[in-house]
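In: this one's structure only:
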């Protein structure tokens with residue numbers, strides 16, 4: 001047990017605050033479905049945007065980023081930095097359309113967009129999918145992070161950790177709906193940012209800052225030039241030469257060239273859509289999403305990265321390799337025994353030199369292992385928690401633990417609430433029980449939270465790596481993005497197109513993830529095993545091909561059935577026949593403000609992000625070169641927001 005009574009007091013104060021908020025707002029949230037899920041559409045932009053940021057900072061976030069930096073390098077953060085591109089597209093293109101549509105969930109928009117039996121079936125399918133699969137998967141990796149934090153801080157086993165995490169989530173998630181979420185999010189975001197900066201400052205000072213990092217680099221420790229780069233190293237050849245494309249560079253290219261536009265959240269995640277829909281009006285929805293993207297990508301990453309880099313200096317990495325190929329016949333915290341094909345056993349001792357930084361077994365009895373395969377290793381994702389316990393003083397440790405607990409509860413609240421919204425709005429109220437009272441639907445929503453938590457807890461028991469879950473989720477439904485974009489821009493897209501894309505993506509991602517198939521995709525399949533980036537490419541190609549076939553093979557939709565959607569949302573793009581029927585012949589699409597806003601937002605975000613890196617890691621003079629990018633981006637955003645887009 002590493003927490004002082006003062007730390008426990010800080011944690012207790014936050015828990016008391018959160019539960020009090022939940023109790024005080026429970027009655028208000030229970031008045032109607034709109035109040036429970038959307039706060040009555042009354043949020044100002046800064047509250048909605050900050051709530052998005054707080055929710056995106058789950059307890060798993062600093063852990064997975066620490067693991068990526070330790071195992072690969074800073075450049076691995078492009079796995080999520082690339083989504084700044086979709087974030088800016090969502091801000092200046094899709095956010096206003098979501099708010100105009102006045103929907104509650106992403107699933108609801110399909111019936112508004114397409115109409116007919118196919119759209120109703122798709123809405124119900126999406127409701128079930130997001131209520132019972134995608135959101136429980138997110139909850140799974142959040143709960144897995146809570147388990148790892150509990151294991152380091154309290155020495156609990158995994159099963160007990162899952163139980164505690166689930167009980168904490170259930171105790172608060174069903175009380176106050178979206179009202180409780182957004183109120184606690186404001187406090188949680190402040191706590192999380194203060195705690196992350198404090199830990200980064202103390203850990204960075206303890207290892208000597210950038211000077212200590214340079215010394216570690218020269219000494220040939222875990223700190224390597226590759227891990228300090230924001231762009232992965234390429235091979236010796238030119239851009240068109242095969243040797244240029246290392247695994248890291250090929251992965252980087254897939255993220256920037258494919259991932260951001262191919263994923264299901266290209267036009268807005270379920271969380272973002274819910275927050276945008278809860279704002280006062282269209283302008284507040286756009287500003288909320290812009291505020292989220294600026295804080296999420298430009299402000300928050302470096303405190304976590306600094307802690308990860310400091311951990312490379314003080315926490316050694318250790319792998320235990322099997323010297324033979326064979327079957328694991330014994331595996332526990334102290335040793336692993338592998339029996340080769342002749343029945344000869346080889347026992348490997350699992351010894352950790354430090355009590356808080358242990359080597360952990362990564363295989364189970366009955367597993368088949370190759371020679372030189374890792375059978376035990378240190379868990380890089382736990383390094384962040386170990387750094388907390390080593391460098392945070394009494395009181396401040398309690399604040400950071402409370403901030404992680406708050407982050408956990410915030411994300412649990414959001415995704416349980418979102419799962420309930422999908423189930424109640426798109427399945428139960430739409431198909432199973434029409435015309436009931438709002439109080440009845442709120443009661444059903446609260447009950448459904450227990451089912452969602454149970455699903456997530458069950459998944460957590462069989463998963464181990466947060467990063468692996470994130471990368472699987474990246475590929476799952478990874479090819480529906482193009483269809484989600486086209487449904488707003490082209491009248492020819494039908495409900496059957498979305499259904500085809502969804503089925504193809506889900507089936508393909510599952511097959512390539514869980515079936516042991518040989519691959520020959522160069523750097524995207526090292527040693528014949530498909531990488532996460534390679535998996536995404538395959539899924540996107542399959543899904544996109546199936547979607548195009550579906551569009552070409554199906555008859556054109558009736559433009560008259562799309563007029564209601566067009567008049568309500570007023571999208572831009574190829575809507576010619578629908579536009580004529582809607583009597584909107586004089587309208588001109590305002591493309592220039594949209595493009596200026598997207599490019600300006602990207603310039604501002606990446607300018608601030610990399611200028612901060614220059615100031616922290618050096619050379620500091622390089623930060624000056626980013627200043628024109630930052631200023632130009634801010635000017636472009638301001639100009640875009642002042643121009644009408646209709």
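Out: Arrived safely. Model, not experiment: these values are computed from the prediction.
In: how about stretch 96-114: buried residues?
Out: 96-101, 103-114 (16 or more other CB atoms under 10 Å). For every residue, glycine as well, the C-beta is placed using N, CA and C.
In: low-confidence ranges in the stretch 51-200 of the chain?
Out: For the stretch 51-200 of the chain, applying pLDDT under 70 flags the ranges 145, 152, 154-173, 175.
In: need the residues that contact stretch 438-448.
Out: Among residues not part of stretch 438-448, those counted as contacts by CB atoms under 8 Å, 6 or more residues apart in numbering are 29-33, 36-37, 131, 174, 177, 417, 419-421, 423-424, 428-429, 433.
In: buried residues of it, list them for me.
Out: With burial defined by 16+ other CB under 10 Å, the residues of stretch 438-448 counted as buried are 441-442, 444-446, 448.
In: format those as TSV; extra columns: secondary structure, distance to residue 212 and pLDDT.
Out: Conversion of these to TSV gives the following (DSSP: H, G, I helix; E, B strand; the rest coil; distance: CB to CB, whole Å; pLDDT from 0 to 100):
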residue	secondary structure	distance to residue 212	pLDDT
441	helix	57	90
442	helix	54	87
444	helix	56	91
445	helix	51	88
446	helix	51	83
448	helix	51	87
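In: out of those, which one sits closest to residue 633?
Out: The nearest member of these to residue 633, counting by CB to CB, is residue 445 at 40.6 Å.
In: list the buried residues of the lengthiest helix in the chain.
Out: Counting by DSSP state H, the longest helix found in the chain is helix 177-206. For helix 177-206, the buried set under the neighbour-count rule, 16+ other CB under 10 Å, comprises 177-185, 187-189, 191-193, 195-196, 198-200, 202-204.
In: next: stretch 349-356.
Out: residue 350.
In: and residue 217, how far is that from residue 224?
Out: Plainly put, residue 217 is 7 Å away from residue 224 if you go by CB to CB, to the nearest Å.
In: more crowded one of the two?
Out: Taking residue 217 and residue 224 together and counting by other CB atoms under 10 Å, residue 217 has the greater number of neighbours (17 against 13).
In: so where does that one fall, helix or strand?
Out: Assessed by DSSP states H and E, residue 217 sits inside helix 209-219.
In: who touches the helix or strand following that helix?
Out: Past helix 209-219, heading to the C-terminal end, the next element that is a helix or strand (DSSP H and E) is helix 247-254. In this structure, residues lying in contact with helix 247-254 by CB under 8 Å, 6+ apart are 72-73, 75, 78, 226, 231-235, 245, 522-524, 526, 531-534, 536-537.
In: what about the stretch 501-646 of the chain, any weak spots by pLDDT?
Out: By pLDDT under 70, the weakly predicted segments of the stretch 501-646 of the chain are 585-589, 646.
In: where do the helices sit along it?
Out: Counting by DSSP state H, counting those that start in this stretch, the stretch 501-646 of the chain has these helices, from start to end: 532-553, 563-569, 576-581, 591-617, 622-642.
In: make JSON lines out of these and add mean neighbour count and distance to residue 382.
Out: Written out in JSON lines, the entries for the helices of the stretch 501-646 of the chain read as follows (neighbours: other CB atoms under 10 Å; distance: least, CB to CB, whole Å):
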{"stretch": "helix 532-553", "mean neighbour count": "20", "distance to residue 382": "21"}
{"stretch": "helix 563-569", "mean neighbour count": "17", "distance to residue 382": "46"}
{"stretch": "helix 576-581", "mean neighbour count": "16", "distance to residue 382": "54"}
{"stretch": "helix 591-617", "mean neighbour count": "20", "distance to residue 382": "24"}
{"stretch": "helix 622-642", "mean neighbour count": "16", "distance to residue 382": "33"}
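In: let's have the ones you listed in TSV, adding distance to residue 518.
Out: Converted to TSV, the helices of the stretch 501-646 of the chain look like this (distance: least, CB to CB, whole Å):
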stretch	distance to residue 518
helix 532-553	12
helix 563-569	46
helix 576-581	48
helix 591-617	38
helix 622-642	44
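In: between the ones you listed, which one is nearest to residue 407?
Out: helix 591-617 (21.1 Å).
In: what is that closest one packed up against?
Out: Packed against helix 591-617, as judged by 3 or more CB pairs under 8 Å, 6 or more residues apart in numbering; DSSP states H and E, are the following elements: helix 83-89, helix 209-219, helix 282-293, helix 301-314, helix 622-642.
In: quick one: closest of those to residue 552.
Out: helix 83-89 (25.8 Å).
In: for the helix or strand just after the closest one, packing partners?
Out: Tracing the chain past helix 83-89, the next element assigned as helix or strand by DSSP H and E is helix 95-101. Identification of packing neighbours for helix 95-101 by 3+ CB pairs under 8 Å, 6+ apart yields helix 106-114, helix 270-277, helix 282-293, helix 563-569.
In: would you mark the buried spots in the third one?
Out: This points to helix 282-293. Buried positions in helix 282-293, judged by neighbour count with 16+ other CB under 10 Å: 282, 284-293.
In: again, but for stretch 484-495
Out: Along stretch 484-495, the positions that meet the burial threshold by neighbour count (16+ other CB under 10 Å) are 484-488, 491-495.
In: got it, and stretch 212-228?
Out: Applying 16+ other CB under 10 Å to stretch 212-228 flags 212-213, 216-217, 222-223, 227-228 as buried.
In: can I get these in CSV including distance to residue 615?
Out: Putting those into CSV (distance: CB to CB, whole Å) gives the following:
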residue, distance to residue 615
212, 17
213, 14
216, 20
217, 18
222, 24
223, 19
227, 19
228, 15
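In: quick revisit: among the helices and strands packed on helix 95-101, which is nearest residue 340?
Out: Minimum separation from residue 340 across the helices and strands packed on helix 95-101 (CB to CB) falls at helix 270-277, 49.3 Å.
In: give me the mean pLDDT for the closest one.
Out: Model confidence over helix 270-277, given as mean pLDDT, is 93.
In: so how far is residue 326 from the spatially most distant residue from the centre of the chain?
Out: Most distant residue from the mean C-alpha position of the chain: residue 342, 46.2 Å away (CA atoms, centre = their mean). Shown here: residue 342 relative to residue 326, a distance of 9 Å by CB to CB.
In: out of the helices of the stretch 501-646 of the chain, nearest to residue 315?
Out: Ranked by CB to CB, the member of these that lies closest to residue 315 is helix 591-617, at 19.2 Å.
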